[in-house]
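Q: Build me a structure from this.
(chains A and B)
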Amino acid sequence: MATLIHTLPFLVDGLLTTLLVSACVIVLSLIIGLPLGCVLAFGPLWARAPIRLYADFVRGVPILVLLYFVYYGLPAIKVNLPSLLSAIVALTAFKSAQIIEITRGSFQSIPSGQTEAAKAIGLSLFDRFIHVLAPQAVRRFLPPFVNSVVDTVKGSSLVSLLGIVDLMLSLQQVIGRTHVALPLYLIGALMYFAINFPLSALSRRLEKRFV
Amino acid sequence: MAKTDARASAETPVIAIEGLTKSFGAHQVLKGVDLRVGRGEVVAIIGPSGSGKTTLLRCINFLEEYDGGSIRIDGTEVGYRDGSGARRRRSDRELAAIRVDAAMVFQQFNLFPHLTAAQNIMLGLMKSRGRSKAEARAIAEKWLARVGLAAKVDALPSQMSGGQQQRVGIARAVAMEPKVLLLDEITSALDPELVGEVLAVVQELAAEGRTMILVTHEMAFAQEVADRVVFTDQGRIVIDAPPAKVFGEQPHERLRSFLSRFVGFRPNPA
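A: As a prediction, this is how the structure comes out:
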């Protein structure tokens, strides 16, 4: 028991790294994915085509391949990123493709009658977007987005493969020294769960409220 | 429903459509339609599905682009501008200003689900008509009271029946004080027992002299409320006459076969 308590600060450090990576990935993916998703929903073909290609390609590649590509592949063209940055870049590439898709779907699932009704009362393109489409899109966006955040937190455990001491790797290191596997894995699982369960619950509440 | 002489007011048409053509791909839906609607006139468009009546209505506020011919609301060409011989599509801003004059009520209501009944009406008033929030609210409350929904001012569409939603839809359109009100099969999505409450509202608007074009399958209602009935078939206007004449003599073979499908409808010219 005493051993387990001694390991806690070390695990909490790992947990903080997991949260840091996840937060960076989510924020960057929103910054990239929201505008590109809007272009994919409303833009002209020449702008949609490259975004479509990017989203389909990135989502079709295993995240681990993206991770290794950025960390081990890019140095060949003189792009040397430290491991933490490589991890954030690779995970953001993947997550932003997902955000693009969720954003596009949120707008395109709004019935066309909404735009027609807004046109019929003389709203301009800008007002139609701000007052009619965007509020409805947000309601459609939130549930899948929260699920996507949960996936990000869990999926960030892959960064341990680049030697980043996140919750996953800190667990393995502690187990390597103490040889107490089961209780430590349980603690680690509970830590992931403690973050993700409230998010899942939130997602369910949002779905009930808006769909 | 005594109305002023429609023929006299038709001299200064609110709506003037000439030679309107429209195709969806290879299929020509409108094959040269001419229609004039005078101030205060109520025109009912009837006809088999696929005859182009809804497309015609949607062209009037440019929800559909038209290929040839012209539509003028109070003298202003709706969708295009003459630019050195070639017609150019109007900008979104110009279209918005023109569309306010031809507000539309939809078959599927199309209320904004995230806004209350009052907010549905206020949005256009504030953004397109430049009303303050307080003014818009007052107008919205006035119109909701007029359509019998004073108690539903702050209700969301999801908390209302279909008939109530459609009455909000009518209030939203008419509150814009459009030059013409376009009604697109507004009772077709309603349960039969809710049709009456919606038609009663339309009847009242007709009685106070509002210009309206309605596409409808309610023959008895068209006969009662309209000054003119327009029968469309295969992309053309086949008959354009007062209801007594359209429903009375039934001179046209295609109209006869069309009307015969409405079980229980007995043409009853006043």
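Q: Does stretch A:133-152 reach chain B?
A: Yes - interface with chain B: stretch A:133-152 contributes A:135, A:136, A:139 (C-beta under 8 Å from any C-beta of the partner chain). All C-beta spots, glycine's among them, are computed from the backbone N, C-alpha and C.
Q: What lies in contact with stretch B:199-210?
A: Identification of contacts with stretch B:199-210 by C-beta atoms under 8 Å, 6 or more residues apart in numbering or on different chains yields B:1, B:3-4, B:40, B:42, B:146-148, B:167, B:170, B:174, B:181, B:183, B:186-187, B:212, B:214, B:218, B:221, B:224-225.
Q: Now restrict those to buried residues only.
A: The neighbour count (16 or more other C-beta atoms under 10 Å in any protein chain shown) marks B:40, B:42, B:146-147, B:167, B:170, B:174, B:181, B:183, B:186-187, B:212, B:214, B:218, B:221, B:224-225 as buried among these.
Q: What parts of the stretch 151-270 of chain B come near chain A?
A: So the stretch 151-270 of chain B meets chain A at B:172, B:173, B:176, B:182 (C-beta under 8 Å from any C-beta).
Q: Run through the residues that contact the first one.
A: The neighbours of residue B:172, taking C-beta under 8 Å, 6+ apart as the test, are A:117, A:121, B:103, B:105, B:111, B:120, B:121, B:124.
Q: now do 10 Å
A: Applying C-beta atoms under 10 Å, 6 or more residues apart in numbering or on different chains, we find residue B:172 in contact with A:117, A:120-121, B:103-105, B:109-112, B:117, B:120-125, B:140, B:143-144.
Q: Give me the distance between residue B:215 and chain A.
A: To chain A, residue B:215 is 14 Å away according to C-beta to the nearest C-beta, to the nearest Å.
Q: Residue B:189 too?
A: Going from residue B:189 to chain A by C-beta to the nearest C-beta gives 11 Å.
Q: okay, now that residue: neighbour count?
A: 14 (other C-beta atoms under 10 Å in any protein chain shown).
Q: Equivalent analysis for the one 10 residues further on, please.
A: Here the number of neighbours of residue B:199 (other C-beta under 10 Å) works out to 20.
Q: any idea which helix or strand carries it?
A: If you go by DSSP states H and E, residue B:199 is part of helix B:192-207.
Q: Using CSV, write out every CA atom in that helix.
A: In CSV, the C-alpha atoms belonging to helix B:192-207 read as follows (Å, rounded to 0.1, in the frame of the first residue of the first chain):
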residue,chain,number,x,y,z
PRO,B,192,-57.2,16.8,-41.4
GLU,B,193,-58.7,18.2,-38.1
LEU,B,194,-56.0,20.9,-38.0
VAL,B,195,-56.6,22.2,-41.6
GLY,B,196,-59.6,24.4,-40.6
GLU,B,197,-57.8,26.6,-38.1
VAL,B,198,-55.1,27.4,-40.7
LEU,B,199,-57.5,28.2,-43.5
ALA,B,200,-59.5,30.4,-41.2
VAL,B,201,-56.4,32.6,-40.8
VAL,B,202,-55.8,32.8,-44.5
GLN,B,203,-59.5,33.7,-45.1
GLU,B,204,-59.2,36.5,-42.7
LEU,B,205,-56.1,37.9,-44.4
ALA,B,206,-57.8,37.6,-47.8
ALA,B,207,-60.8,39.5,-46.4
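Q: Tell me the buried residues in that helix?
A: Neighbour-count burial for helix B:192-207 [16+ other C-beta under 10 Å]: B:194, B:195, B:197, B:198, B:199, B:201, B:202, B:205, B:206.
Q: dump the residue contacts of residue 47.
A: In the absence of a named chain, chain A is used. A:36, A:39, A:40.
Q: not quite, I wanted chain B
A: So residue B:47 contacts B:53-54, B:56, B:215, B:217, B:230-239, B:254-255, B:258 (C-beta under 10 Å, 6+ apart).
Q: And for residue A:58?
A: Contacts of residue A:58 by C-beta under 10 Å, 6+ apart are A:66, A:90, A:93, A:94, A:95, A:96, A:97, A:98, A:100.
Q: Redo those residues as TSV? Include distance to chain B and pLDDT.
A: TSV is the format used below for the contacts of residue A:58 (distance: C-beta to the nearest C-beta, whole Å; pLDDT from 0 to 100):
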residue	distance to chain B	pLDDT
A:66	37	93
A:90	37	95
A:93	33	95
A:94	31	96
A:95	27	96
A:96	27	96
A:97	28	96
A:98	25	96
A:100	24	97
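Q: For residue B:138, grab phi and psi.
A: The phi and psi values for residue B:138, taken as degrees, to the nearest 10, are phi -60, psi -40.
Q: what's around it, how many residues?
A: So residue B:138, with other C-beta under 10 Å, has 15 neighbours.
Q: do the same with residue B:49
A: 9.
Q: Give me the secondary structure label for it.
A: Under DSSP: H, G, I helix; E, B strand; the rest coil, the three-state class of residue B:49 is coil.
Q: okay but it is in contact with residue B:233, surely?
A: No - the criterion here is C-beta atoms under 10 Å, and residue B:49 misses it with residue B:233 at 11.0 Å.
Q: Which of the residues in the helix or strand containing residue A:56 are classified as buried?
A: Assigning secondary structure by DSSP H and E places residue A:56 in helix A:45-59. Across helix A:45-59, burial judged by 16+ other C-beta under 10 Å covers A:48, A:51, A:54, A:55, A:58.
Q: Give me the nearest residue to the last one, chain neighbours excluded.
A: I take that to be residue A:58. residue A:97 (4.1 Å; C-beta to C-beta, 6 or more residues apart in numbering or on different chains).
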